[in-house]
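Student: sequence-free structure coming up:
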């Protein structure tokens, strides 16, 4: 099974387990997220597998704001990074196929930088996170429809 399909399968399983979040203040939410981080698993390459806690954040069309679902993923990532102080991340920004190459590279960079800023605000040292944009050059899902586009508007965290 290739990586994009297996990652998508993990997302489907995790999405099916999601529950509606309760209203809490930000401090309580961060503390709760930090206490529920599952132990890391090791992937085939010997690198911790972030896909188990959530390695991607999805965005609305032509937008780089983190959604509530994305906030939850990033809170888990921040807690994982705090418990693994020697790990560093690359945040890959992506866009769907609509728009010019240049526009989508800029949009992907804004998405990656937004994710980085959110993780830094949660206490992750900025020097542990680098960003890169792939724009529309590396789609996760092929297709010219909303189902495909929604999976391609993303920022992916990869352990360096």
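Tutor: Done, it's in. Note that the structure is predicted; figures quoted are calculated from it, not measured.
Student: any chance you could map the helices in the protein?
Tutor: With DSSP state H as the criterion, the chain has helices at 3-16, 26-35, 68-83, 101-121, 146-152.
Student: compare those and say which comes out lowest on pLDDT.
Tutor: Taking the average pLDDT of each of the helices of the chain, the minimum falls on helix 26-35, with a mean of 40.
Student: neighbours around residue 69, how many?
Tutor: Here the neighbour count serves as a burial measure; for residue 69 (other CB atoms under 10 Å) it reads 14. For every residue, glycine as well, the C-beta is placed using N, CA and C.
Student: surely it meets residue 59?
Tutor: No: applying CB atoms under 8 Å, one finds residue 69 not in contact with residue 59, separated by 10.6 Å.
Student: partner residues bridging residue 158?
Tutor: Using DSSP bridges, the beta-bridge partners of residue 158 come out as residue 90.
Student: for it, give its distance to residue 136.
Tutor: When CB to CB, to the nearest Å is applied, the distance between residue 158 and residue 136 equals 18 Å.
Student: more neighbours: which of the two?
Tutor: Higher neighbour count among residue 158 and residue 136: residue 136, with 21 against 14, using other CB under 10 Å.
Student: give me the pLDDT for the more buried one.
Tutor: 97.
Student: how about the contacts made by it?
Tutor: Contacts for residue 136 (CB atoms under 8 Å, 6 or more residues apart in numbering) come out as 94-99, 101, 104, 108, 152.
Student: and residue 74, by the same measure?
Tutor: Shown in contact with residue 74 (CB under 8 Å, 6+ apart): 57, 66, 115, 118-119, 122.
Student: ok, now with 6 Å
Tutor: Residues in contact with residue 74, defined by CB atoms under 6 Å, 6 or more residues apart in numbering, are residue 118.
Student: before we move on, the earlier item: which of the contacts of residue 136 are buried?
Tutor: Buried residues within the contacts of residue 136, counting neighbours by 16 or more other CB atoms under 10 Å: 94-96, 104, 108, 152.
Student: I'd like the residues you listed laid out as JSON lines, including distance to residue 140.
Tutor: Converted to JSON lines, the buried ones among the contacts of residue 136 look like this (distance: CB to CB, whole Å):
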{"residue": "94", "distance to residue 140": "7"}
{"residue": "95", "distance to residue 140": "11"}
{"residue": "96", "distance to residue 140": "10"}
{"residue": "104", "distance to residue 140": "14"}
{"residue": "108", "distance to residue 140": "13"}
{"residue": "152", "distance to residue 140": "6"}
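Student: all set, thanks.
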